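Student: Take this sequence and fold it.
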Amino acid sequence: MQRLILDPMSYLEGGAVGAGQREAAVPTDTRVRFLLKGSLNEDQLIAIRSCLDPRRCFNLIQGPPGTGKTRTILALVAALFAPTVRAEDAADLRVLICAPSNAAVDEVAGRLSGGLQLEGEERKEQQKLSVSVVRVGPKSQVRRDVWEQVSLETLVAKRLAHLNKEGEGGEEGERESAKRKGVDLKHLKEEVERITEQLDKDMESLSSEAKKELQERRNV
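Tutor: I've put the predicted structure just below:
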């Protein structure tokens, strides 16, 4: 770990994956690599290749302010969610992004919520990738525009409003469905009460038997 922090490039060149294996570790197809190559510089591409290598469990990307670390993170998310990369499980993929400050998280969340734009070399080909984003955190610490777009509370409120609007439609099918659900819940409640009552009786019986057995075994 100390060597990795002091000399990150040594991990790429002489660690788990040698320089000659670097390209083989990239799971993305030619088209995705083409789009990423037009959007990033060589150092950023190397960082993404390392992160996409399934044999690596830890990657450290470092650099002074203004060197494109946030852009690299966005491109990495784009590569992870690209349909051509993980079509079989893209729907189940979840990515947790953390940062030491709320401002940094807001910056990433704000950019992600607007979609990820990938450009090929010389901008001859473009692709915009939409990602579902949820920003978690106290309202007082979240940037207003991010809160109004992708905060957990905002998304839940929008979902509830949508469900209420559907319920106000007054369609007979929805009413019947709600009625059936109400009946089912009533039956479940009655069943739970019956089972609970039986458990209480069984516990009382077991307790009495245990007391009787202890009394019979006592010598004094």
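
Student: Where do the domain boundaries of the protein fall?
Tutor: With domains defined by automatic domain parsing, the chain comprises 2-133, 171-220.

Student: Give me the mean pLDDT for the longest one.
Tutor: This points to domain 2-133. Averaged across domain 2-133, pLDDT comes to 70.

Student: just the shortest one next, same as before
Tutor: Mean pLDDT, taken over the full extent of domain 171-220, equals 70.

Student: so residue 135 touches residue 109, yeah?
Tutor: Yes. Assessed by C-beta atoms under 8 Å, residue 135 is found in contact with residue 109 at 4.6 Å. No exception for glycine: its C-beta is placed from N, CA and C like everyone else's.

Student: Need the residues touching each of the two.
Tutor: Common neighbours of residue 135 and residue 109, using C-beta atoms under 8 Å, 6 or more residues apart in numbering, are 146, 150.

Student: Quick check on the residue lying closest to residue 102 once chain neighbours are set aside: phi, psi?
Tutor: Spatially, and ignoring its direct neighbours in sequence, residue 102 is nearest to residue 141 (4.5 Å; C-beta to C-beta, 6 or more residues apart in numbering). Here is the backbone geometry of residue 141 (degrees, to the nearest 10): phi -110, psi 0.

Student: Can you give me the distance of residue 141 to residue 101?
Tutor: 9 Å (C-beta to C-beta, to the nearest Å).

Student: Among the two, which residue is more densely surrounded?
Tutor: It is residue 141, of residue 141 and residue 101, that has more neighbours when counted by other C-beta atoms under 10 Å, with 12 against 9.

Student: Just give the number of residues close to residue 61.
Tutor: Residues near residue 61, counting by other C-beta under 10 Å: 18.

Student: quick one: which helix or strand includes it?
Tutor: Using DSSP states H and E, residue 61 is not contained in any helix or strand.

Student: I'd say it and residue 70 touch.
Tutor: No. Contact criterion C-beta under 8 Å: residue 61 and residue 70 do not qualify, at 10.4 Å.
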